[in-house]
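>>> sequence and predicted model, in that order:
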Amino acid sequence: MSSSRARMAGFGLVALACSSPSASIQVTTNGDTTVFTADPAVTTIEVDAIDQTGANDGVLLQPTSPQSAASFDLGDPSSSLVASLQLTGKDAAGDAVVFGATPFVELGALDGSTVQLFVQRRHGFATMPGAMTDARTKPLLATVGEALYWVGGSIAGVTNPLNLGGYDLLYLDQFDTQCGTSANATSFALVTLTQQNSDGDYAYAALLDASGAALSYIGLPGCDDATFDGGIAANLPKGLDSWSEVEGGQTVMGDDGTAYVVGASKLDAPSSAILALHPDASVTALASTSRQGAATALAPGGGIFLYGGSAAEGAAEIVESSGEYALRGDYAPDATMGLAAVQFDSKTMLVAGGTNPPLKIDLTCGGGCAAVPFGKGLPMALQSSSLFALGGSAFLIVGDDATGATHAFRLDGGDDVPPEIPLQIPRQGARAIQTSTGAIVIVGGGSATPESYVD
């Protein structure tokens, strides 16, 4: 994929010396001169290579102070190592107060490149370098590897379908090219292919629009029609009567790279259909109980978690990738729509989004089940919300209030009303997504500048 390589003014330039490749890592604060000096000030920094299992491949550098961080020899990491370069800045007490990370990348592939490492104060938002292609509201987001993609949404005064846009999380700027769309998408999935096809595609974007007439595809990175050697079915998969059964549904990504467009999460009508888009380019359909506006997320161990959206069915349900579905426990029905869900731990889900307390749902409960409150409810009900795990039983929820203004709150189960984490830029109808490094990126809502939260 093509990406802008413009260098941004930053904190310092760090030289990456590998056994054969050579690259530069430019540490940037995007012009925020207080990142390292705000109270408590950073006294030491460390850069580590973290592989995809979470293991530390070793401290690459450990300068004595931020002021000495103009240039470093990062040692001799393996050129085949796939890792995220992560910078941690600590204060005099040894607490981490600054953090930044690159996406996971094969270090050998950086030969001759200058890569930016964006760093920010922890527990807050910071504007990121570069820009998106536009400032649309209510975009649909997906991320894969080092790329963040968006489609759909709206721009005041623009009636033509909005292009698929992209932002490179490694080089911290928009892509040089965009992919055209025939209609504004209302559901969006991004699937990495098991192997490159004859069109030269490594991935495909699947889009549904409000017409419900067809499922369209864009091959990536070439923006072609994504024929995939005939692997993607042109017709409805068995078990799906109409694309409208899933159009408007949220997408849940499976551990194996399958994207599930979940009809039960649609707000406009009840549905039991789930569209499964697989990395081998096949398309199948699954089913759940009928729900409307249900919260959905990937369940521990796989499977699609559903909560609420029905006054008739038990509140909690799991749909397995095999197509089997079953209610979990005997949770009473909950007709609430528009909540968000995320994994709490290896056996529990968290559901939140309203002024009632967030709820922990134990998926191993066999009988007499009741949702367990997790702290206090939000000071306002959120619409179109997304819920993200921060680690250590802390979570971030991002959504819009009744006027469309976007808000973010940190949930930690405490006795106080969850604190709002102010955005750097006021936004209307912005959307959020979590990258592979754990950072949560806010996109759109009236600004082309993305911003990031790290906990």
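Everything's here; your move.
>>> what residues of stretch 187-195 count as buried?
187, 188, 189, 190, 191, 193 (16 or more other Cβ atoms under 10 Å). Heads up, the C-betas are built off the backbone N, CA and C, glycines and all.
>>> could you report the pLDDT at the closest residue to the fourth one other than its chain neighbours?
In other words, residue 190. With Cβ to Cβ, 6 or more residues apart in numbering as the criterion, residue 190 has its nearest non-adjacent residue at 3.7 Å, and that residue is residue 142. At residue 142, the model reports a pLDDT of 96.
>>> after the helix or strand that contains residue 142, which helix or strand is next?
Here residue 142 sits within strand 140-144, counting by DSSP states H and E. Proceeding N to C from strand 140-144, the next assigned helix or strand is strand 147-151, under DSSP H and E.
>>> which residues in the stretch 151-300 of the chain form strands?
Along the stretch 151-300 of the chain, counting by DSSP state E, counting those that start in this stretch, strands occupy 165-168, 173-174, 185-192, 203-209, 215-220, 250-253, 259-262, 271-277, 283-291, 295-298.
>>> need the pLDDT of the residue nearest to residue 216 when sequence neighbours are not counted.
Leaving aside its sequence neighbours, residue 216 sits nearest to residue 207 (Cβ to Cβ, 6+ apart; 5.0 Å). The per-residue pLDDT reported for residue 207 equals 92.
>>> I'd say residue 207 and residue 149 touch.
No - Residue 207 lies out of contact with residue 149 (Cβ atoms under 8 Å); the separation is 10.9 Å.
>>> how far away is the residue lying closest to residue 280 once chain neighbours are set aside from residue 29?
Take residue 280 and drop its neighbours on the chain: the residue closest to it by Cβ to Cβ, 6+ apart is residue 194, 5.1 Å away. Separation of residue 194 from residue 29 (Cβ to Cβ, to the nearest Å) stands at 39 Å.
>>> and residue 242, by the same measure?
In terms of Cβ to Cβ, residue 242 sits 50 Å off from residue 29.
>>> and if you look at residue 82?
26 Å.
>>> what sits up against the one helix or strand residue 410 maps to?
Assigning secondary structure by DSSP H and E places residue 410 in strand 406-411. With contact meaning Cβ atoms under 8 Å, 6 or more residues apart in numbering, strand 406-411 is reached by 123, 125, 350, 352, 358, 374-375, 378, 380, 382, 390, 394-401, 418-423, 427-430, 432, 442, 445, 453, 455.
>>> distance between that strand and the chain's centre?
16 Å (Cα atoms, centre = their mean, to the nearest Å).
>>> and the average pLDDT for that strand is what?
Across strand 406-411, pLDDT averages out at 98.
>>> got the CA positions of that strand in CSV?
These are the backbone C-alpha positions of strand 406-411, laid out as CSV (Å, rounded to 0.1, in the frame of the first residue of the first chain):
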residue,chain,number,x,y,z
THR,A,406,-18.8,12.7,21.4
HIS,A,407,-17.6,11.9,24.9
ALA,A,408,-15.2,9.4,26.5
PHE,A,409,-15.3,8.0,30.1
ARG,A,410,-13.0,5.7,32.0
LEU,A,411,-14.6,2.8,33.8
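>>> which stretches of this structure have low pLDDT?
1-23, 58-79, 176-178, 225-234 (pLDDT under 70).
>>> can you give the domain ranges for it?
Here the domain parsing of the chain from automatic domain parsing is 12-123, 340-422.
>>> for those domains, give me TSV that also has mean neighbour count.
TSV is the format used below for those (neighbours: other Cβ atoms under 10 Å):
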stretch	mean neighbour count
domain 12-123	17
domain 340-422	18
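>>> can you redo those domains as JSON lines with distance to residue 262?
Output for the domains of the chain, formatted as JSON lines (distance: least, Cβ to Cβ, whole Å):
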{"stretch": "domain 12-123", "distance to residue 262": "26"}
{"stretch": "domain 340-422", "distance to residue 262": "11"}
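>>> ok, and what's touching stretch 266-275?
Counting by Cβ under 8 Å, 6+ apart, 215, 237, 239-241, 245-249, 260-264, 283, 285-293, 304, 309-310, 319, 337-338 sit against stretch 266-275.
>>> mind checking which of those are buried?
Buried members of the contacts of stretch 266-275, counted by 16+ other Cβ under 10 Å: 215, 237, 240, 245-249, 260-264, 283, 285-293, 304, 309-310, 319, 337-338.
>>> neighbours of residue 334, how many?
21 (other Cβ atoms under 10 Å).
>>> so it versus residue 343, what's the distance?
19 Å.
>>> same check on residue 454?
Taking Cβ to Cβ, one finds residue 454 at 19 Å from residue 343.
>>> ok, now residue 427?
Residue 427 is 27 Å from residue 343, by Cβ to Cβ.
>>> what's the answer for residue 438, then?
Counting by Cβ to Cβ - residue 438 and residue 343 are separated by 14 Å.
>>> same deal with residue 88?
Distance from residue 88 to residue 343, counting by Cβ to Cβ: 25 Å.
>>> chain center to stretch 420-427, what's the gap?
That offset, for stretch 420-427, works out to 18 Å (Cα atoms, centre = their mean).
>>> send me that stretch as PDB with only the CA atoms.
Taking Å, rounded to 0.1, in the frame of the first residue of the first chain, the C-alpha atoms of stretch 420-427 are listed here in PDB:
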ATOM      1  CA  GLU A 420     -14.900  12.000  31.700                       C
ATOM      2  CA  ILE A 421     -11.700  12.000  29.700                       C
ATOM      3  CA  PRO A 422     -11.800  15.200  27.600                       C
ATOM      4  CA  LEU A 423     -11.000  15.000  24.000                       C
ATOM      5  CA  GLN A 424      -8.400  17.400  22.600                       C
ATOM      6  CA  ILE A 425     -10.800  18.500  19.900                       C
ATOM      7  CA  PRO A 426     -14.600  18.800  20.400                       C
ATOM      8  CA  ARG A 427     -16.300  16.400  18.000                       C
END
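>>> 796 is where my numbering starts, stick with that
New numbering, starting at 796: the last item is stretch 1215-1222.
>>> other residues contacting it?
Contacts to stretch 1215-1222, defined as Cβ under 8 Å, 6+ apart, come from residues 918-922, 1174, 1191, 1200-1205, 1225, 1237, 1239-1242, 1244, 1246, 1248.
>>> what sits closest to residue 1155 if chain neighbours are left out?
The nearest residue in space to residue 1155 (Cβ to Cβ, 6+ apart) is residue 1167, at 4.3 Å.
>>> same deal with residue 1007?
That would be residue 1039: by Cβ to Cβ, 6+ apart, it lies 3.3 Å from residue 1007.
>>> from residue 1119, how far off is the residue nearest to residue 1075?
24 Å.
>>> again with residue 1091
Taking Cβ to Cβ, one finds residue 1091 at 17 Å from residue 1119.
>>> of these two, who's got more company?
residue 1091 (29 against 11).
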